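Peer 1: using only what follows, build the 3D model:
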Amino acid sequence: MKGYNIYPESKLEKNNKTYSLAQKDLKKYLLSDDPEFGPISELTHANANKLRKLFPHLNPVTCGIKRSFGFGDRLGLATPGHVKTLKGREIFPVFAQQSIREMERTGRSMQDVLDDAMWGVFQAGYRGGYGADIDHVKKEEDVIKACECGYTMFTIDPSDYVNDRAKDIVSIYGKAIEHIIRCYNLIQECVNPEQRRRVDFEASVDETTTPTTPEAHRFIVEKLRKAGVNFTSLALRFIGDFEKGIDYIGDIEVFKEQFLAHAAICREFGGYKLSIHSGSDKFSIYPIISEAAHGVFHIKTAGTNWLEAVRLISHKDPALYRSMHELALRSFEKDRKSYHVTTDLSKVPALDKLSDEKLPGLLNENNARQLMHITYGSILKDMREEIYKTLNLNEDEHYEMLKTHLGRHLSLAGICKKS
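Peer 2: Numbering: from 1, shown residues only. Now for the predicted structure:
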């Protein structure tokens with residue numbers, strides 16, 4: 001069709017009808033000779049649902065206890081880059097993964113996250129199966145809403161019920177476990193009867209001030225099993241600091257010793273995998289995780305995708321990056337309140353002393369990385385249109401940057417390309 005650039009990998013056929021994704025003037029469209037859609041259609045939720053019914057591989061599915069990786073995507077643009085990252089690697093991807101907090105800050109809905117991932121899968125021609133994780137969900141009403149949207153993975157965050165000041169395990173985790181059980185039962189009531197128990201369910205106690213002891217690990221598993229909770233992954237609060245956007249902070253040998261103990265408990269009980277909420281870029285401990293967990297784990301990352309988008313902008317539109325950076329500095333104290341970071345803004349180089357050519361290097365400096373990592377909501381609120389325009393203008397390069405950066409994550413976690 002004249003003027004429309006078709007993504008060749010997206011082409012699908014059924015009942016002598018064809019369906020493709022195309023771009024024109026930086027906007028994407030569905031092209032089809034199916035009268036149900038019309039020749040040129042918008043990427044609406046209604047059209048997404050029609051395609052899902054025609055092509056089952058566009059629907060998210062469950063993973064179980066196979067090793068998996070949560071890619072995260074704050075912008076809804078990254079999935080084709082994630083597909084490129086996966087090529088030649090054996091790991092189950094969770095393409096749709098976002099927390100309620102992230103949705104609020106990015107101005108996206110649960111349905112937006114699911115639909116954007118599906119359009120990315122369609123564009124890239126991916127058929128390998130993928131998951132959809134409603135991450136760090138706390139409220140029961142949000143659990144129900146996620147069920148209705150079609151999420152296949154539920155990460156329950158009971159941190160509001162954890163009593164870190166208590167002295168014994170029962171008092172620390174008792175109410176939190178009760179909340180996890182309530183959420184699990186809600187999901188069982190919500191999903192279709194024929195699909196009952198066919199969800200990936202993660203219990204997450206990583207948002208606490210103190211590390212999860214092996215004794216607490218055992219207690220949590222035993223209580224959930226006794227209540228009939230069929231969980232597929234468990235996120236613990238591991239020793240050390242998992243700050244946003246930078247590598248692990250702490251004694252690597254101590255982390256290894258404790259992670260080995262948790263991995264042994266996981267194997268002893270069986271039927272679930274350890275989930276590591278990395279906060280992005282925990283390169284130094286990925287090999288330990290892979291070895292200790294015998295290659296079976298779930299790793300989550302998200303903000304690192306945003307940082308690669310910011311890096312691309314610093315290359316392609318230095319003036320836009322400078323505006324984003326200055327807004328981040330103004331917003332930092334407000335935005336940091338919901339994150340544990342040790343960012344020292346005095347160590348972030350002054351922009352007026354940097355040439356345009358040196359701007360991308362800021363994304364290699366820990367304090368600057370954290371500055372841009374946690375202020376994404378404020379930046380998007382003011383500069384969304386310019387950001388999306390720059391990324392869409394440089395789509396292929398954006399995907400290649402994601403492939404390189406996320407590929408490093410997977411390789412260090414033992415998910416290497418087949419020769």
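Peer 1: from Gly414, how far off is Phe297?
Peer 2: Distance, Phe297 to Gly414, by C-beta to C-beta, to the nearest Å: 9 Å. Glycine gets a C-beta too; all of them are placed from N, C-alpha and C.
Peer 1: what of Ile239?
Peer 2: Separation of Ile239 from Gly414 (C-beta to C-beta): 21 Å.
Peer 1: list the contacts of the residue nearest the centre of the chain.
Peer 2: Note on the chain: the residue nearest the mean C-alpha position is Gly72, at 2.2 Å, using C-alpha atoms, centre = their mean. Counting by C-beta atoms under 8 Å, 6 or more residues apart in numbering, Gly72 touches Gln97, Gln98, Asp135, Lys300, Thr301, Ala302, Gly303, Thr304, Asn305.
Peer 1: which residue ranges form the strands in the chain?
Peer 2: Ranges of strands within the chain are 5-6, 12-14, 17-24, 27-32, 40-41, 68-70, 92-99, 131-137, 153-156, 200-204, 233-235, 273-277, 298-300, based on DSSP state E.
Peer 1: so for the nearest residue to Leu380 once chain neighbours are set aside, what's the pLDDT?
Peer 2: Distance criterion C-beta to C-beta, 6 or more residues apart in numbering; nearest residue to Leu380, sequence neighbours excluded, is Thr106 at 5.8 Å. For Thr106, the model assigns a pLDDT of 96.
Peer 1: neighbours of Phe219, how many?
Peer 2: Residue neighbour count, defined by other C-beta atoms under 10 Å, stands at 19 for Phe219.
Peer 1: any chance of CSV for the contacts of Gly72, columns neighbour count, pLDDT and distance to Thr213?
Peer 2: Shown next, in CSV, are these (neighbours: other C-beta atoms under 10 Å; pLDDT from 0 to 100; distance: C-beta to C-beta, whole Å):
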residue, neighbour count, pLDDT, distance to Thr213
Gln97, 26, 98, 28
Gln98, 27, 96, 30
Asp135, 28, 97, 25
Lys300, 27, 96, 22
Thr301, 22, 94, 26
Ala302, 23, 89, 27
Gly303, 23, 93, 28
Thr304, 23, 96, 29
Asn305, 24, 97, 33
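Peer 1: circling back: out of everything not next to it in sequence, what's closest to the residue nearest to the centre of the chain?
Peer 2: Computed as C-beta to C-beta, 6+ apart, the closest residue to Gly72 that is not its neighbour in sequence is Ala302, at 2.7 Å.
Peer 1: contacting residues for that neighbour?
Peer 2: Gly70, Phe71, Gly72, Asp73, Arg74, Gln97, Gln98, Glu102, Asp135, Ser280.
Peer 1: which ones are touching the fourth one?
Peer 2: Listed by C-beta under 8 Å, 6+ apart, the contact partners of Asp73 are Thr79, His82, Phe95, Ala96, Gln97, Gln98, Val113, Asp116, Ala117, Ala302, Asn305.
Peer 1: same question for the first one.
Peer 2: Contact analysis of Gly70 by C-beta under 8 Å, 6+ apart lists Val94, Gln97, Gly131, Asp133, Asp135, His298, Ile299, Lys300, Thr301, Ala302.
Peer 1: try it again with 7 Å
Peer 2: Contacts for Gly70 (C-beta atoms under 7 Å, 6 or more residues apart in numbering) come out as Val94, Gln97, Asp133, His298, Ile299, Lys300, Thr301.
Peer 1: would CSV of the residues you listed with distance to Phe219 be doable?
Peer 2: Shown next, in CSV, are the contacts of Gly70 (distance: C-beta to C-beta, whole Å):
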residue, distance to Phe219
Val94, 28
Gln97, 28
Asp133, 25
His298, 21
Ile299, 24
Lys300, 23
Thr301, 28
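Peer 1: give me the domain ranges for this protein.
Peer 2: The record's domain parsing of the chain by automatic domain parsing lists 5-54, 57-303+404-412.
Peer 1: highest average neighbour count across those domains?
Peer 2: Greatest average neighbour count among the domains of the chain goes to domain 57-303+404-412 (a mean of 19), per mean count of other C-beta atoms under 10 Å.
Peer 1: give me the distance between the two termini of that one.
Peer 2: Separation of the first and last residues of domain 57-303+404-412 by C-alpha to C-alpha, to the nearest Å is 29 Å.
Peer 1: same check, this time on stretch 64-81
Peer 2: Using C-alpha to C-alpha, the end-to-end distance of stretch 64-81 comes to 24 Å.
Peer 1: for it, what does the pLDDT average out to?
Peer 2: The pLDDT scores in stretch 64-81 average 97.
Peer 1: and it, how far out from the chain middle?
Peer 2: Taking C-alpha atoms, centre = their mean, to the nearest Å, one finds stretch 64-81 lying 5 Å from the centre of the chain it belongs to.
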